[in-house]
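Peer 1: The following block contains a protein sequence and its predicted model.
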Amino acid sequence: MKISGCLLALAVLAAPAIATDQPTLTESRTFKYSDLPVKKFDNGGEQRRILAGTLATGEFVESHLTVLPAGQMPHPPHAHANSEMVFIQTGNVEYIDAAGKHTPLGPGDIIFTASNKLHGLINVGKTPATYIVVSISKQDTPH
(Lines give C-alpha, C1' and ligand atoms only; values in the text may rest on other atoms or scores of the structure.)
Protein backbone atom coordinates (compact mmCIF):
# COMPACT_ATOMS: atom_id res chain seq x y z
CA MET A 1 0.00 0.00 0.00
CA LYS A 2 1.29 3.44 -0.89
CA ILE A 3 1.46 6.05 1.85
CA SER A 4 -0.91 8.91 1.00
CA GLY A 5 -0.18 12.62 1.04
CA CYS A 6 -2.14 12.96 4.30
CA LEU A 7 0.11 10.43 5.97
CA LEU A 8 3.23 12.15 4.71
CA ALA A 9 1.96 15.53 5.91
CA LEU A 10 1.36 13.97 9.31
CA ALA A 11 4.94 12.79 9.45
CA VAL A 12 6.17 16.37 9.52
CA LEU A 13 4.60 16.71 12.99
CA ALA A 14 6.10 13.59 14.41
CA ALA A 15 9.13 12.09 16.08
CA PRO A 16 9.85 8.60 17.41
CA ALA A 17 6.41 8.32 18.92
CA ILE A 18 5.71 4.62 18.84
CA ALA A 19 8.22 4.05 21.61
CA THR A 20 6.71 4.85 24.99
CA ASP A 21 10.08 5.97 26.38
CA GLN A 22 10.09 8.99 24.02
CA PRO A 23 6.63 10.56 24.40
CA THR A 24 7.65 14.10 23.37
CA LEU A 25 7.42 14.63 19.62
CA THR A 26 10.22 17.09 18.95
CA GLU A 27 11.82 15.68 15.80
CA SER A 28 10.41 15.33 12.29
CA ARG A 29 10.38 11.88 10.72
CA THR A 30 8.67 9.69 8.15
CA PHE A 31 6.77 6.42 8.52
CA LYS A 32 6.91 3.46 6.14
CA TYR A 33 3.55 1.70 5.92
CA SER A 34 5.27 -1.69 5.95
CA ASP A 35 6.98 -0.84 9.28
CA LEU A 36 3.81 0.14 11.18
CA PRO A 37 2.76 -2.47 13.78
CA VAL A 38 -0.52 -4.22 12.92
CA LYS A 39 -3.30 -4.81 15.45
CA LYS A 40 -6.06 -7.16 14.24
CA PHE A 41 -9.67 -6.93 15.44
CA ASP A 42 -12.46 -9.49 15.80
CA ASN A 43 -14.49 -7.75 13.05
CA GLY A 44 -11.70 -8.53 10.54
CA GLY A 45 -10.32 -5.00 10.62
CA GLU A 46 -6.76 -3.88 11.15
CA GLN A 47 -5.17 -0.85 12.75
CA ARG A 48 -1.65 0.45 12.29
CA ARG A 49 -0.46 2.92 14.95
CA ILE A 50 1.42 5.77 13.34
CA LEU A 51 2.33 7.82 16.38
CA ALA A 52 1.32 8.78 19.90
CA GLY A 53 2.89 11.36 22.15
CA THR A 54 3.03 14.96 23.21
CA LEU A 55 3.80 17.71 20.73
CA ALA A 56 6.37 20.36 21.63
CA THR A 57 3.42 22.77 22.00
CA GLY A 58 1.87 20.58 24.72
CA GLU A 59 -1.01 18.77 22.99
CA PHE A 60 -1.27 15.00 23.07
CA VAL A 61 -1.65 13.54 19.56
CA GLU A 62 -2.37 9.99 18.45
CA SER A 63 -2.69 8.80 14.87
CA HIS A 64 -3.50 5.47 13.28
CA LEU A 65 -4.54 4.00 9.96
CA THR A 66 -7.50 1.64 9.99
CA VAL A 67 -8.73 -0.90 7.43
CA LEU A 68 -12.43 -1.50 8.07
CA PRO A 69 -14.15 -4.47 6.36
CA ALA A 70 -17.38 -3.98 4.39
CA GLY A 71 -20.46 -3.77 6.59
CA GLN A 72 -18.49 -3.27 9.80
CA MET A 73 -18.09 -0.57 12.44
CA PRO A 74 -14.78 -0.12 14.29
CA HIS A 75 -16.81 0.07 17.54
CA PRO A 76 -20.25 1.28 18.64
CA PRO A 77 -20.91 5.04 18.60
CA HIS A 78 -19.08 6.68 21.50
CA ALA A 79 -17.79 10.00 22.86
CA HIS A 80 -14.43 10.97 24.37
CA ALA A 81 -12.57 14.07 25.51
CA ASN A 82 -10.19 14.19 22.55
CA SER A 83 -11.09 15.81 19.21
CA GLU A 84 -10.56 13.77 16.04
CA MET A 85 -9.99 14.29 12.36
CA VAL A 86 -10.58 11.30 10.08
CA PHE A 87 -9.21 11.29 6.52
CA ILE A 88 -11.06 8.77 4.32
CA GLN A 89 -8.61 7.11 1.92
CA THR A 90 -10.65 4.34 0.23
CA GLY A 91 -14.13 2.88 0.40
CA ASN A 92 -17.58 4.21 1.27
CA VAL A 93 -18.48 4.96 4.88
CA GLU A 94 -21.19 6.76 6.79
CA TYR A 95 -20.40 9.07 9.67
CA ILE A 96 -22.96 8.93 12.47
CA ASP A 97 -23.22 12.24 14.34
CA ALA A 98 -24.54 13.05 17.82
CA ALA A 99 -28.11 13.41 16.47
CA GLY A 100 -27.92 9.97 14.80
CA LYS A 101 -27.70 11.44 11.28
CA HIS A 102 -25.76 9.30 8.78
CA THR A 103 -23.57 11.24 6.31
CA PRO A 104 -22.13 9.31 3.33
CA LEU A 105 -18.40 9.87 2.73
CA GLY A 106 -15.76 8.52 0.38
CA PRO A 107 -12.12 8.92 -0.66
CA GLY A 108 -10.77 12.40 0.05
CA ASP A 109 -13.54 13.32 2.48
CA ILE A 110 -12.66 14.45 6.00
CA ILE A 111 -14.50 14.17 9.31
CA PHE A 112 -13.98 16.45 12.30
CA THR A 113 -15.47 15.30 15.62
CA ALA A 114 -15.39 17.80 18.48
CA SER A 115 -14.57 16.84 22.03
CA ASN A 116 -17.22 14.87 23.94
CA LYS A 117 -19.58 14.53 20.94
CA LEU A 118 -21.18 11.15 20.27
CA HIS A 119 -20.02 9.75 16.92
CA GLY A 120 -19.63 6.55 14.96
CA LEU A 121 -18.57 5.19 11.58
CA ILE A 122 -19.79 2.30 9.45
CA ASN A 123 -18.43 0.89 6.19
CA VAL A 124 -21.48 0.85 3.90
CA GLY A 125 -19.51 -0.26 0.83
CA LYS A 126 -18.76 -3.66 -0.64
CA THR A 127 -14.99 -3.32 -0.20
CA PRO A 128 -12.74 -2.48 2.77
CA ALA A 129 -12.50 1.19 3.72
CA THR A 130 -9.23 2.74 4.85
CA TYR A 131 -8.88 5.93 6.84
CA ILE A 132 -6.36 7.83 8.95
CA VAL A 133 -7.37 9.14 12.37
CA VAL A 134 -5.62 12.09 14.03
CA SER A 135 -6.70 12.52 17.66
CA ILE A 136 -5.72 15.61 19.66
CA SER A 137 -6.25 16.39 23.33
CA LYS A 138 -4.75 18.13 26.31
CA GLN A 139 -1.91 16.18 27.88
CA ASP A 140 -3.90 15.68 31.09
CA THR A 141 -7.00 14.36 29.29
CA PRO A 142 -7.61 10.58 29.49
CA HIS A 143 -7.15 9.02 26.02
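Peer 2: Yes, it's here. Just so it is clear, the structure is predicted and the values come from calculations on it, not from any experiment.

Peer 1: What mean pLDDT does the stretch of helix or strand His64 belongs to get?
Peer 2: His64 is part of strand 59-68 when elements are defined by DSSP states H and E. Strand 59-68 shows a mean pLDDT of 96.

Peer 1: Could you do stretch 91-104 as well?
Peer 2: Mean pLDDT, stretch 91-104: 96.

Peer 1: Same question for stretch 37-44.
Peer 2: 95.

Peer 1: now stretch 126-139
Peer 2: The average pLDDT for stretch 126-139 rounds to 94.

Peer 1: related to what we said a few turns ago, run the chain-centre distance for the strand holding His64.
Peer 2: Between the centre of strand 59-68 and the centre of its chain there are 3 Å (CA atoms, centre = their mean, to the nearest Å).

Peer 1: looking at this, Ser34 is in a helix?
Peer 2: Yes. Checked against DSSP: H, G, I helix; E, B strand; the rest coil, Ser34 lies within a helix.

Peer 1: what's the distance between it and Gly53?
Peer 2: In this structure, Ser34 and Gly53 are 22 Å apart, going by CB to CB, to the nearest Å. For glycine as for every other residue, the C-beta is placed from the backbone atoms N, C-alpha and C.

Peer 1: Tell me which of the two has more neighbours.
Peer 2: Gly53 (20 against 8; other CB atoms under 10 Å).

Peer 1: in terms of contact count, name the helices or strands touching the helix or strand hosting the more buried one.
Peer 2: Secondary-structure assignment from DSSP H and E places Gly53 in strand 46-55. Applying 3 or more CB pairs under 8 Å, 6 or more residues apart in numbering; DSSP states H and E, one finds that strand 46-55 makes contact with helix 5-11, strand 24-25, strand 38-40, strand 59-68.

Peer 1: hmm, try it at 7 Å
Peer 2: On a contact count with 3 or more CB pairs under 7 Å, 6 or more residues apart in numbering; DSSP states H and E, strand 46-55 meets strand 24-25, strand 38-40, strand 59-68.

Peer 1: Identify the bridge partners of Gln47.
Peer 2: Legend: beta-bridge partners of Gln47 under DSSP bridges are Lys39, Thr66.

Peer 1: And the helix or strand following the strand holding His64, what's buried?
Peer 2: Using DSSP H and E, the helix or strand that follows strand 59-68 towards the C-terminus is strand 83-90. By 16 or more other CB atoms under 10 Å, the buried positions in strand 83-90 come out as 83-84, 86-90.

Peer 1: Great, nothing more from me.
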